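**Q** structure of the sequence below:
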Amino acid sequence: MIIFIWAQDRAGNIGKDNKMPWHLPGDLQFFKKTTTGKTLVMGRKTYESLGKALPNRKTIVLTRDTSLQLADADVIHSREEVLALAKEQDEAIYIAGGAEIYRLFMDVADKLIVTKIDATFEADTAFPEVDWENFTEVSREPHDKDEKNKYGYTFYTYERN
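**A** Residues are numbered from 1 along each chain as shown. Sure thing, here's the model as predicted:
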């Protein structure tokens, strides 16, 4: 199973200068809770923006750079390798960005987990276009802004029809 997980603003923006343009502790906690113990696939730029593999997850970096080697993550070079891993694993693979990686797997995503932030930010990267007719909303969990979270946000889960 291929699961996308990401956060976006009202305009569908996901990044600026290879970073998230917001700080939202509630979303970071949700991401951690959802992906701990799981396999995360991300592109090289996303990995570099984090600075290291996230703890307690198997991290796979997908890159065209055949010379890249990482001490804390597995490096693979093709969509086919990710799909083969998903087939042989008994559990889901979480696609964690960036936009190019989401675009690469859009046609095979089984589930979408998205945090929609109730604000718009200056950004240079948007989430790729989703054909929402292929997905059905199965859950929604709204959160108001509070002392820790400057913006309201909602966690949505969609499954492929």
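
**Q** got the end-to-end distance for stretch 96-113?
**A** End-to-end distance for stretch 96-113: 10 Å, by CA to CA, to the nearest Å.

**Q** centre of the chain to that stretch, how far?
**A** 8 Å (CA atoms, centre = their mean, to the nearest Å).

**Q** average pLDDT for it?
**A** Mean pLDDT, stretch 96-113: 97.

**Q** just the buried residues of that stretch, please?
**A** Within stretch 96-113, the residues scored as buried using 16 or more other CB atoms under 10 Å are 96-99, 101-102, 104-106, 109, 111-113. No exception for glycine: its C-beta is placed from N, CA and C like everyone else's.

**Q** what would those residues look like in JSON lines with secondary structure and distance to residue 53?
**A** Output for these, formatted as JSON lines (DSSP: H, G, I helix; E, B strand; the rest coil; distance: CB to CB, whole Å):
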{"residue": "96", "secondary structure": "coil", "distance to residue 53": "11"}
{"residue": "97", "secondary structure": "coil", "distance to residue 53": "14"}
{"residue": "98", "secondary structure": "coil", "distance to residue 53": "16"}
{"residue": "99", "secondary structure": "helix", "distance to residue 53": "20"}
{"residue": "101", "secondary structure": "helix", "distance to residue 53": "16"}
{"residue": "102", "secondary structure": "helix", "distance to residue 53": "19"}
{"residue": "104", "secondary structure": "helix", "distance to residue 53": "20"}
{"residue": "105", "secondary structure": "helix", "distance to residue 53": "20"}
{"residue": "106", "secondary structure": "helix", "distance to residue 53": "24"}
{"residue": "109", "secondary structure": "coil", "distance to residue 53": "22"}
{"residue": "111", "secondary structure": "strand", "distance to residue 53": "23"}
{"residue": "112", "secondary structure": "strand", "distance to residue 53": "23"}
{"residue": "113", "secondary structure": "strand", "distance to residue 53": "20"}
